[in-house]
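Q: my questions concern the predicted model and sequence given below.
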Protein chains: 2
Amino acid sequence: MAKLLGRSTYIFDRPPVIRSFAAAGGGKEGEGPLGERFDLLSPDNLYGADSWEQAEMKMQRLALKTALNKGGLRKGDLNILFAGDLLNQCTGSSYGLRPFMAPYLGVYGACSTMAETLLLASVFVDGGLAKAAGASTSSHFCSAERQYRYPLEYGSLRPPTAQWTATAAGAVILTAEGDCPRIEVRHACAGIIEDPGVKDANNMGAAMAPAAACLLRRYFRESATAPQDYSRIFTGDLGTVGSALLYQLLARDRLDISGMHDDCGLLLFDRARQDVHAGGSGAGCSAAVLCCHILPEMLAGRYEDVLFIATGALLSPTMVQQGESIPGIAHLVHFHLARSGKEGA
Amino acid sequence: MAKLLGRSTYIFDRPPVIRSFAAAGGGKEGEGPLGERFDLLSPDNLYGADSWEQAEMKMQRLALKTALNKGGLRKGDLNILFAGDLLNQCTGSSYGLRPFMAPYLGVYGACSTMAETLLLASVFVDGGLAKAAGASTSSHFCSAERQYRYPLEYGSLRPPTAQWTATAAGAVILTAEGDCPRIEVRHACAGIIEDPGVKDANNMGAAMAPAAACLLRRYFRESATAPQDYSRIFTGDLGTVGSALLYQLLARDRLDISGMHDDCGLLLFDRARQDVHAGGSGAGCSAAVLCCHILPEMLAGRYEDVLFIATGALLSPTMVQQGESIPGIAHLVHFHLARSGKEGA
């Protein structure tokens, strides 16, 4: 069973296995560099629904359903489902996943949700509390913009530091066992809220970078590992501004990950062509990039050990209106590609 | 370590111990039947802050700080903190608990939050992933009313089925060990979202009762226990409407808990005197009643085995405006009073 290292790093001795995964996206995501890798796309972003919120619910529902199908599981097989999203009261998840009739523990981690749900699902599978656990999240550009900033019809100008909330969902199913080659969750680390004092709702990268930097520093220390122990480090979603800040903050501790780092917000869209300013964001962004790119690349043998650090800005329009800053958080999951059965034992 | 029973009931073989707990409340709560038992009260509901949201943050922060102090712990001792609340983006928790600098996993379970955070904290402590874990939540009448229904200044009429959102916070610290007599978490059960189709945001009891009934039925089956194995069953917060519905739903399975059941929403306020209509509600209601009444009564030896079922209405004003119904959820924790050291081994 899992052991605690340091303050909040977990090493899984019976590593949970990624049984299956799926990603759903919208029109812009379909036109991006990963467009062909999505399981489901809706060019008009509506998924046949009547509102952006209903579309987000349906998108997340379809992503989870597809992940279950790909894993050869039925909804009754899920012992537990961890999910959350950016909508107020996390309705993309609670309303969207209602039909699965699965034991449900809702989380709120803003754009860090995919790592938070994976961490929790891993703890439950490793501890024998779930034979199959789901981790799921979503975001929708149109529902997020009107909730967090301005209605789309207002046509507000976006500054260069702004990121583009992805219309996307990702769902992952974890089980205790699986055939090789298989992706295992080896470590996870729960992050601490860091608040650098950023008050600009159009500069989320800056609000999140310190949380990612503190988490990485602490994770390397607590797990007694170093950047060179990993094939690739993915953050989501710091964008150009946050990624540059992350390198600067890590440099203070003589940590350099720049040559081995990708940001999910910079992988989902083609900035030169798609006008997303500082990159993509939204809980669905890192979730979809995980399911469209990171996990498939691992299964193809291109990466053996990957750190996935989903970053969240705990932005509240109400609190920003009251003059508060935007706290950031990040959680980490370490994926390992096990090529032979014995390795994971 | 914990074992899985049935679909999502957990039995803890090394039962986590309630190390300490604290409750904070507002003016109306201070005037209620449990008023003298609160650790902290703010008669003007503001806790010295400038806004209702800031007051809620401060109230939750003070509750957790008091719980830590009562347990002889410092903020650096917390390995993990589970928290959430009713405010959009759960800012009562994320902003409020920011100063603790603890590893933080945000949850969203509406008024079921106290049971959800206790369940998760118990899994982490039992599994050795935390030496000390926090579970915390809050709600505030004024911040909730303006977010979910109408601004207070509008003076809207409340129908008889309406419940009164408590201005209250509760925080519990769990550790792996503790002196006897001590309260242990013996079982927990994660609930399934049940949606009876209620569309009235002023009738949350009806929206939540089916989730509580389904959870109780399943818990008794999966844990192979029956109502008579427990000294008392507390729900929170079904109020008068939801409690009556719960009895009716359980009667279909010939389960009768009416003689051994209390609802936190009916304990916090005096309905004859305090004009709260169908009773109290809000994530802070069951949390405060747990910390002001249930746990102290157990330590006083009045109850040996208690079921605590926090119920949540996953109400979203946006979804209600779009014609959607209100899904309900409930999670369960079984507390046991261990009188001698060997019992918990």
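A: Received it, and whenever you're ready, just let me know what you need. Everything quoted here is computed from the prediction, not taken from an experiment.
Q: the residue nearest to A:Arg74 when sequence neighbours are not counted: which element?
A: Spatial nearest neighbour of A:Arg74, chain neighbours left out: A:Leu68 (6.8 Å); criterion: Cβ to Cβ, 6 or more residues apart in numbering or on different chains. In this view, the C-beta of every residue, glycine as well, is placed from N, C-alpha and C. Assignment of secondary structure by DSSP states H and E places A:Leu68 within helix A:52-70.
Q: low pLDDT regions in chain A?
A: A:341-345 (pLDDT under 70).
Q: can you map out the helices along it?
A: A:27-30, A:52-70, A:91-94, A:113-126, A:141-148, A:204-223, A:239-251, A:264-267, A:271-274, A:283-289, A:295-299, A:317-321 (DSSP state H).
Q: who wins for proximity to B:Ala110 among those?
A: helix A:91-94 (8.7 Å; Cβ to Cβ).
Q: centre of the chain to that closest one, how far?
A: Helix A:91-94 sits 16 Å away from the centroid of its parent chain (Cα atoms, centre = their mean, to the nearest Å).
Q: returning to that earlier point: deepest of the helices of chain A, which one?
A: helix A:283-289 (a mean of 36; mean count of other Cβ atoms under 10 Å in any protein chain shown).
Q: grab the CA positions of it and hand them over as CSV.
A: Only the C-alpha atoms of helix A:283-289 are listed here, as CSV (Å, rounded to 0.1, in the frame of the first residue of the first chain):
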residue,chain,number,x,y,z
ALA,A,283,-9.7,22.2,-16.3
GLY,A,284,-10.4,20.4,-19.6
CYS,A,285,-7.2,21.6,-21.2
SER,A,286,-4.7,19.5,-19.2
ALA,A,287,-7.2,16.7,-19.0
ALA,A,288,-7.6,16.5,-22.7
VAL,A,289,-3.9,16.9,-23.4
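Q: just confirm yes or no for it near chain B.
A: No: using Cβ under 8 Å from any Cβ of the partner chain, helix A:283-289 stays clear of chain B, coming no nearer than 12.1 Å.
Q: what of stretch A:96-115?
A: Yes: using Cβ under 8 Å from any Cβ, stretch A:96-115 reaches chain B at A:Leu97, A:Arg98, A:Met101, A:Ala102, A:Pro103, A:Tyr104, A:Leu105, A:Gly106, A:Val107, A:Tyr108, A:Gly109, A:Ala110.
Q: looking at the helices of chain A, which is closest to B:Pro160?
A: Taking the helices of chain A one by one with Cβ to Cβ, helix A:91-94 is closest: 27.2 Å.
Q: can I get that closest one as PDB, trimmed to CA atoms?
A: Taking C-alpha atoms only, helix A:91-94 is exported to PDB below (Å, rounded to 0.1, in the frame of the first residue of the first chain):
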ATOM      1  CA  THR A  91     -22.400  21.300 -12.500                       C
ATOM      2  CA  GLY A  92     -20.500  20.100 -15.500                       C
ATOM      3  CA  SER A  93     -19.600  17.100 -13.300                       C
ATOM      4  CA  SER A  94     -22.500  16.700 -10.900                       C
END
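Q: list the residues that contact the residue nearest to A:Arg74.
A: Contact analysis of A:Leu68 by Cβ atoms under 8 Å, 6 or more residues apart in numbering or on different chains lists A:Ser20, A:Arg74, A:Lys75, A:Asp77, A:Leu78, A:Gly134, A:Ile173.
Q: against chain B, how distant is it?
A: According to Cβ to the nearest Cβ, to the nearest Å, A:Leu68 stands 16 Å off from chain B.
Q: burial of the closest residue in space to A:Leu78 that isn't next to it in sequence, as a residue count?
A: Spatial nearest neighbour of A:Leu78, chain neighbours left out: A:Ala102 (4.2 Å); criterion: Cβ to Cβ, 6+ apart. Neighbourhood size, A:Ala102 [other Cβ atoms under 10 Å in any protein chain shown]: 26.
Q: wait, A:Ala102 sits on A:Lys75?
A: Yes: with contact defined as Cβ atoms under 8 Å, A:Ala102 counts as touching A:Lys75 (6.4 Å).
Q: okay, now the domains of chain A?
A: A:3-175, A:182-344 (automatic domain parsing).
Q: what distance separates the start and the end of the longest one?
A: Using Cα to Cα, to the nearest Å, the gap from the first to the last residue of domain A:3-175 comes to 19 Å.
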